[in-house]
Structure formats: structure tokens, C-alpha cells
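A.B. asks: Sequence and predicted structure, then a few things I'm wondering about:
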Amino acid sequence: MTRIDFYILPEGSTENSVLTACKLCEKATGAGMKVYVNAPGASLADELDGALWSFQQGAGFISHERYLGRPPEEPLPAVLIGDGEPPETHHGALINLSLEVPGYFSRFDRVLELVSGNPEARAKSRERYKFYRDRGYELKTHNL
């Protein structure tokens, strides 16, 4: 069964979800997982794409590319960024930057939900938490 982890950013924190997503990508790929980042909207996907190039200066590179619903060029990178159905190759970890539960979440071994300090985002995260809980998923919360 899919394990769900909620990563809660402190209220008023200057760290945003994109930087946290980069850190989670680094950790998951370091553990050998393929990662799909659900980043709704082109601007959020662009921001994450740019951040993955530069968030850890000198610490190495996390291979990634945008996924537009068709198979990316081989070899596949460790991280794919998209807002639709993920490819079969990347069902290790899902990092969800959306305010909604993706319909395909249960295909993944792990789902990493990010909760920003924004009041609207926090309210939506409570709805996602309840959704998963009501369906019997194992939930863990990490206060950052």
C-alpha cells in the first residue's frame, strides 16, 4: 500500500515548496527511487526545473526533465516534472505540488505531500489528509 508523508513548512517561512521539493528529489533519488513531481501549471514546472539546476551549488546534479505525456528520450532521467499521468517508469515517489489529490497517486510506493504556510494551501492539505486517512493509507507528518 502507498505510504503518504506530509511535509509541513512553518507558517511565515521563507522556504517555499519548490526548494523543499528539490531537497526531497535529492533524497529520493539518492535512495535509488525514480521520482515524478506533479507540478500543475507551466510556471510552477518552470520554477522547479530551474531550481533543480541550481539549488545545491557544487553538490552535484539531479537529472530531470519536463514530462509532457509522451515518452521522454532514453535514458530516462531520475526525476520527471509534469501535471498529467506519469509514465510507468516513474512510480517510486510522487511529490505532489498540487492542492488536489492526483487520481493516479496509488500507483506510487510513496507520496510526498508538501504543505506551505499559505492558509488556503493548509486548508486544502487538510482535505487531502482526510481523503487519504478515510481510505486507510498510512500517514506520516513531518514538521520542517
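C.D. replies: Happy to help now that I have it. Residues are numbered from 1 along each chain as shown.
A.B. asks: what's the burial count for the residue nearest to residue 78 when sequence neighbours are not counted?
C.D. replies: Take residue 78 and drop its neighbours on the chain: the residue closest to it by CB to CB, 6 or more residues apart in numbering is residue 29, 4.3 Å away. Every residue, glycine included, has its C-beta placed from N, CA and C. A count of nearby residues for residue 29, using other CB atoms under 10 Å, gives 20.
A.B. asks: List the contacts of residue 29.
C.D. replies: 35, 62-63, 78-79 (CB atoms under 8 Å, 6 or more residues apart in numbering).
A.B. asks: Using TSV, please lay out the residues you listed together with distance to residue 9 and secondary structure.
C.D. replies: Output for the contacts of residue 29, formatted as TSV (distance: CB to CB, whole Å; DSSP: H, G, I helix; E, B strand; the rest coil):
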residue	distance to residue 9	secondary structure
35	19	strand
62	20	coil
63	26	coil
78	24	coil
79	20	strand
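A.B. asks: Quick check: the farthest pair among the residues you listed?
C.D. replies: Farthest-apart pair in the contacts of residue 29 is 35 and 63; separation 10.4 Å (CB to CB).
A.B. asks: Could you pull out the residues contacting both of those two?
C.D. replies: Contact with both residue 35 and residue 63 is made by residues 29, 78-79, according to CB under 8 Å, 6+ apart.
A.B. asks: for the protein, which helix is longest?
C.D. replies: If you go by DSSP state H, the chain has its longest helix at helix 119-134.
A.B. asks: Which residues does it contact?
C.D. replies: Residues contacting helix 119-134 (CB under 8 Å, 6+ apart): 4, 6, 8, 96, 99-101, 111, 113, 115-116, 139.
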